[in-house]
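Participant: Here's my sequence, what's the structure:
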Amino acid sequence: MAEESRGVREQESRAWEALVATARRTVADGLVVGTSGNVSVRVGDTVLVTPSGIPYDRLTRHDVTGVDLTGRQVLGTLVPTSELPMHLAVYRTTDAAVGAVVHTHAVHATAVSTLVTELPTVHYMTSALGGPVRVAPYATYGTEELAENMLRALADRSGCLLQNHGTITYGTTLDQAYDRTAQLEWMCRLWLTASSVPGLTPSLLTPEQLAEVGEKLRGYGRRR
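Facilitator: Just a heads-up that it's a prediction; the model follows:
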């Protein structure tokens, strides 16, 4: 029993280090400013999450912050992110393979969220997020209403935009969740750039074209 407990603690320690590294990466890559945005990773039934209002470069291995799937704090003394309802909603409504959630205030994605209800299909990597990326209607940050709006926008998708707010993506790993966030921000920047050319309208991909790409992506990166 002691060995099992020690193993869990070691797993949580490694996951926390990876979480902090990912959180710092969101700042370095310009996806968030200051302490905006948040990251979480699941270890068993515990969700490790960035704390509220603490600059990521100040976090240490002693600042581990974790809650159970009901939101009850089980690790650390720092207050979890105010966006905890969104993170928990993802873990509670997706399968256990979902291991990480990344939320940012990326500039281009947030700009797009104020203009449309769905990101126009300007690139085939739309399929990597499950299809056309929806925009969840605005609600005050940290509320159950925002979490519910997000879940509807995430139906059959691994990422969505939050109106006048930012992005949220999830994945089996922190790397996958982060890569999906970066891809979403890139596609938003692409659409804004293309649609800004006077007198021209960006060509969009059809559902059939996206479906074809979706099939090809199913085996992408796998060993033979």
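Participant: okay, and for the chain, where does confidence drop off?
Facilitator: 1-7, 219-224 (pLDDT under 70).
Participant: let's go with 80 and repeat that
Facilitator: Within the chain, the segments meeting pLDDT under 80 span 1-8, 95-97, 219-224.
Participant: which stretches of it form helices?
Facilitator: In the chain, the helices defined using DSSP state H lie at 2-28, 84-93, 107-113, 144-154, 174-195, 207-217.
Participant: for the first one, which positions count as buried?
Facilitator: Within helix 2-28, the residues that count as buried by 16 or more other C-beta atoms under 10 Å are 12, 15, 16, 18, 19, 20, 22, 23, 25, 26, 27. Every residue, glycine included, has its C-beta placed from N, CA and C.
Participant: what's the closest of these to residue 59?
Facilitator: For the buried residues of helix 2-28, the minimum distance to residue 59 (C-beta to C-beta) is 4.9 Å, reached by residue 20.
Participant: Quick check, the closest one in contact with residue 55.
Facilitator: No - with contact defined as C-beta atoms under 8 Å, residue 20 does not count as touching residue 55 (11.2 Å).
Participant: Including distance to residue 206, could the buried residues of helix 2-28 go into TSV?
Facilitator: As requested, the buried residues of helix 2-28 are exported to TSV (distance: C-beta to C-beta, whole Å):
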residue	distance to residue 206
12	45
15	41
16	44
18	38
19	39
20	42
22	35
23	38
25	34
26	33
27	37
